[in-house]
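Q: structure here, sequence nowhere to be found:
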């Protein structure tokens, strides 16, 4: 299953405004992957934040200056922001942010970094249930906020235009299934496997 299919399958009931694509300008099509919902942007931005941390921890030499975490893109709806289609986002905007890293590195490193953050914050059992083949454990908004931290939540809020309460509620509801579907074999996919998901 591809990443776009995964994003489209989460919260696809149409009743949740966090899963509806953001309005676009006149003459702009919302068909296909041309416009992502705020929650989809939040999921991808979350992976991007942890992929950047992963790349920095690995001491990979950047090919361009690394932006501050709050500047993953120019902003919601801007050409340099998190708008556009998924392939462009992972190969272009996020790849550029990560110094030209491949989309597989973004997914692999971002997912691995996110899961490590949950483990370090005492939520390892919860995160491991999302990866494993059994039922996904739930997480409270308070535990989720503690695990991700205020800076990450501020960045996600800025990138998606969502308020913190809506953002936390959406992540609490959709992140377990998102991680579950990105780890179909009960483990974080390798860079090659992750690249094939894009």
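A: Nice, I can see it. These figures come from a predicted structure and were not determined experimentally.
Q: show the subsequent helix or strand relative to the helix or strand residue 179 falls within.
A: With elements delineated by DSSP states H and E, residue 179 resides in helix 164-182, which encompasses its position. Sequence-wise, the next helix or strand downstream of helix 164-182 (DSSP H and E) is helix 191-197.
Q: list the contacts of that following helix.
A: Applying C-beta atoms under 8 Å, 6 or more residues apart in numbering, the contact partners of helix 191-197 are 1-3, 6, 102-108, 111, 182, 189. (Glycine included, C-beta is placed from N, CA and C.)
Q: of those residues - the most surrounded one?
A: Neighbour counts for the contacts of helix 191-197 were taken using other C-beta atoms under 10 Å; the highest belongs to residue 106, which has 29 neighbours.
Q: tell me where the model's unsure across the protein.
A: For the chain, applying pLDDT under 70 flags the ranges 1, 7-36, 54-102, 198.
Q: can you show me the helices along it?
A: For the chain, applying DSSP state H gives helices covering 3-9, 38-57, 86-88, 94-97, 103-120, 124-131, 141-148, 150-160, 164-182, 191-197.
Q: out of the ones you listed, which one sits most buried?
A: When the helices of the chain are scored by mean count of other C-beta atoms under 10 Å, the highest mean neighbour count falls to helix 38-57 (a mean of 24).
Q: packing partners of it?
A: helix 3-9, helix 94-97, helix 103-120, helix 150-160, helix 164-182 (3 or more C-beta pairs under 8 Å, 6 or more residues apart in numbering; DSSP states H and E).
Q: of the ones you listed, which is nearest residue 49?
A: For the helices and strands packed on helix 38-57, the distance to residue 49 is smallest for helix 150-160, at 5.8 Å, taking C-beta to C-beta.
Q: what angle do the helix holding residue 179 and helix 141-148 make?
A: Here helix 164-182 points in a direction 70 degrees away from that of helix 141-148 (axes from the mean of the first three to the mean of the last three C-alpha atoms, to 10 degrees).
Q: so what touches helix 164-182?
A: With contact meaning C-beta under 8 Å, 6+ apart, helix 164-182 is reached by 1, 3, 6-7, 9-11, 16, 18-19, 38-39, 42-43, 46, 107, 111, 114-115, 127, 129-131, 136-141, 144-145, 148, 153-154, 156-157, 160, 162, 189, 197.
Q: quick revisit: and the helices and strands packed on helix 38-57 as a markdown table, adding distance to residue 51?
A: Output for these, formatted as a markdown table (distance: least, C-beta to C-beta, whole Å):
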| stretch | distance to residue 51 |
| --- | --- |
| helix 3-9 | 13 |
| helix 94-97 | 7 |
| helix 103-120 | 4 |
| helix 150-160 | 13 |
| helix 164-182 | 13 |
